[in-house]
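Chemist: Pasted the sequence and its predicted model underneath.
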Amino acid sequence: MDKSIGYGVFLPNKSLCDYVESFWFLHNQSDQEKETVGLPDGRIDLIFSKSPENPFQIILLGLGTQHKPATIPARIKMFVVSFKLLAVDYILKQPISDLVDSGKVLPSDFWDFSEDDLQDFNCFMNKATLTMESLIPHQIDKRKQHLFDLIYASKGSVSVKELAEKVIWSSRQINRYFNQQFGLSLKAYCNVLRFRASLDHVAQGKLFPEENFFDQTHFIKDIKKFSGVVPKELLKNKNDRFILLSSLNSE
């Protein structure tokens, strides 16, 4: 990754592992903005940020389904909580179906956070962890928990029919739940997860299918659909424009 970009990622406590994929920070330490391309990754991001041009902001990003250009402003600092889908029900407690490929600005005092909380990332993680732990109810729907365990374990390479049979929940009901809560079908979400998993292989220079793609042609087609380029071009990652792929190489 560009040396002017500070980046770090940390896993959550065990108490949050069903709801949070990771905590991460990004700091553009240069006086120049950076052009990049956002890629779908199957996560919901809660972003706390500040920059010289913009005041303290809290933004909730919904699920992404397509690649799109983005700009990292000069001198911006971002502390981020990346959620798994179960967090929508039990931490955010609001549907995000209207936020597919978009986001919204939250109140500046959301979760009682302020600009002062962007001084130290460890303190930020501790405060966010305590806040989220206080929001999770004592009892959750075990069927939903099982469903998401299976989805994430398979990295999206599982059929809706197979999931429905294992969690004893009809395909129709699962898709209704997904569309109402997240704004896309289960199959569409699994396709995003499968693409995300394939990025790990591309980052290692493996330009062939490993995540249950039918063949090389299908693999290339899906990579191009979600990233806008073929695997070979994605691997080149000229000027670190695919920031998600760069982050995989830095981990």
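Modeler: Arrived safely, thanks for sending.
Chemist: Enumerate every residue touching residue 67.
Modeler: By C-beta atoms under 8 Å, 6 or more residues apart in numbering, the contact list for residue 67 reads 37, 38, 39, 40, 226, 227, 228. Bear in mind the C-beta positions are built from the backbone N, C-alpha and C, glycine included.
Chemist: Break down the stretch 51-200 of the chain into its helices, ranges please.
Modeler: For the stretch 51-200 of the chain, the helices defined by DSSP state H, counting those that start in this stretch cover 86-87, 121-135, 142-154, 160-167, 171-182, 186-203.
Chemist: how about low-confidence regions in the stretch 51-200 of the chain?
Modeler: For the stretch 51-200 of the chain, no stretch has pLDDT under 70.
Chemist: Please repeat the previous calculation with a cut-off of 90.
Modeler: The model of the stretch 51-200 of the chain has pLDDT under 90 over residues 53-55, 69-71, 197-200.
Chemist: Kindly tell me how buried the nearest residue to residue 129 once chain neighbours are set aside is, as a neighbour count.
Modeler: Of all residues not flanking residue 129 in the chain, residue 13 sits nearest, at 5.9 Å (C-beta to C-beta, 6 or more residues apart in numbering). Residue 13 has 12 neighbours, counted by other C-beta atoms under 10 Å.
Chemist: distance of residue 96 from residue 48?
Modeler: 18 Å (C-beta to C-beta, to the nearest Å).
Chemist: right, I mislabeled it, should have said residue 198
Modeler: Taken as C-beta to C-beta, the span from residue 198 to residue 48 is 30 Å.
Chemist: Stretch 172-183: which residues count as buried?
Modeler: For stretch 172-183, burial by neighbour count (16 or more other C-beta atoms under 10 Å) applies to 174, 175, 178, 181, 182, 183.
Chemist: Nearest to residue 153 among the residues you listed?
Modeler: residue 174 (16.4 Å; C-beta to C-beta).
Chemist: How about the contacts made by the closest one?
Modeler: Contacts of residue 174 by C-beta under 8 Å, 6+ apart are 147, 160, 163, 164, 167, 186.
Chemist: is it true that the second one touches residue 191?
Modeler: No. Here residue 160 does not reach residue 191: they are 11.4 Å apart, not a contact under C-beta atoms under 8 Å.
Chemist: who has more neighbours, these two?
Modeler: Using other C-beta under 10 Å as the criterion, residue 160 and residue 191 rank with residue 191 on top: 20 against 17.
Chemist: okay, how far is it across stretch 20-40, tip to tip?
Modeler: Start-to-end span of stretch 20-40 (C-alpha to C-alpha, to the nearest Å) is 17 Å.
Chemist: Look at residue 10 and say how many residues are nearby.
Modeler: 11.
Chemist: which residues touch it?
Modeler: Contacts of residue 10 (C-beta under 8 Å, 6+ apart): 22, 23, 24, 125.
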